[in-house]
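In: Give me a model of this one.
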Amino acid sequence: MRVSENTVDELDEFFEERLDEITELINDARDRLGDAFGEEVARVSADEVREEFDDFLADEDAALNAAALYRLGVELEVRNDYAGFIVDEIVGRNLASVVAGDEPERTLAEATFHYIDVHADEVLDGTTAGEDDVLAGLAAGVQTRLPGWDWQEDGF
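Out: Now for the predicted structure:
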């Protein structure tokens, strides 16, 4: 597999094509996590999600790593999904952490990935085993970067 600037462009196109679904995954996670933690978390628009992903893509090294994970994930399909479960989870979790950035956001994004992934089938339709984890990973990573949580303003 070759990974280059072209692969980053593919990731960017994929993100744009699936922007509405990614935004829906983010807002669903914000609603559910806000309820779970007793916090009011503002919903975000597709424009805000797109802008945050553009900011992420400006870090060329991180974007290249995310593009490699994206390529692995979208090309992964295992019959009945179980045998490939570990691989697609690793891809999605790592994609979320790469997009989120440094600690503690990396770890938060990984945890959020699992939360989004569990509920993704309620939002996504007709995706492969790897593709839904790529979408969940992108959503978790971007969601973690977006403002709106009290801990971001007040600190831990």
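In: Give me the pLDDT for Ala46.
Out: On pLDDT, Ala46 comes in at 98.
In: actually Asp132, not the one I wrote
Out: Looking at Asp132, its pLDDT stands at 87.
In: any idea which element it lies in?
Out: When elements are assigned from DSSP states H and E, Asp132 belongs to helix 129-145.
In: now for that helix, which elements pack on it?
Out: Packed against helix 129-145 by the contact rule (3 or more Cβ pairs under 8 Å, 6 or more residues apart in numbering; DSSP states H and E) you find helix 19-37, helix 46-57, helix 60-74, helix 85-100, helix 105-119. C-beta: built from backbone N, CA, C; applies to glycine.
In: hey, which of the ones you listed is tucked in deepest?
Out: Highest mean neighbour count of the helices and strands packed on helix 129-145: helix 85-100, a mean of 23 (counted as mean count of other Cβ atoms under 10 Å).
In: tell me the angle of that helix relative to helix 60-74?
Out: 160 degrees (axes from the mean of the first three to the mean of the last three Cα atoms, to 10 degrees).
In: List of residues touching helix 85-100?
Out: Contact with helix 85-100 is made by 53, 56, 62, 65-66, 69-70, 72-73, 76, 78, 81, 106-110, 112-114, 117, 129-130, 133-134, 136-138, 140-142, 144-145, as judged by Cβ atoms under 8 Å, 6 or more residues apart in numbering.
In: With stretch 1-17 instead?
Out: Outside stretch 1-17, the residues within contact range by Cβ under 8 Å, 6+ apart are 22, 50, 53, 57, 60, 63-64, 66-68, 70-72, 74, 134, 138.
In: Many thanks, we can stop here.
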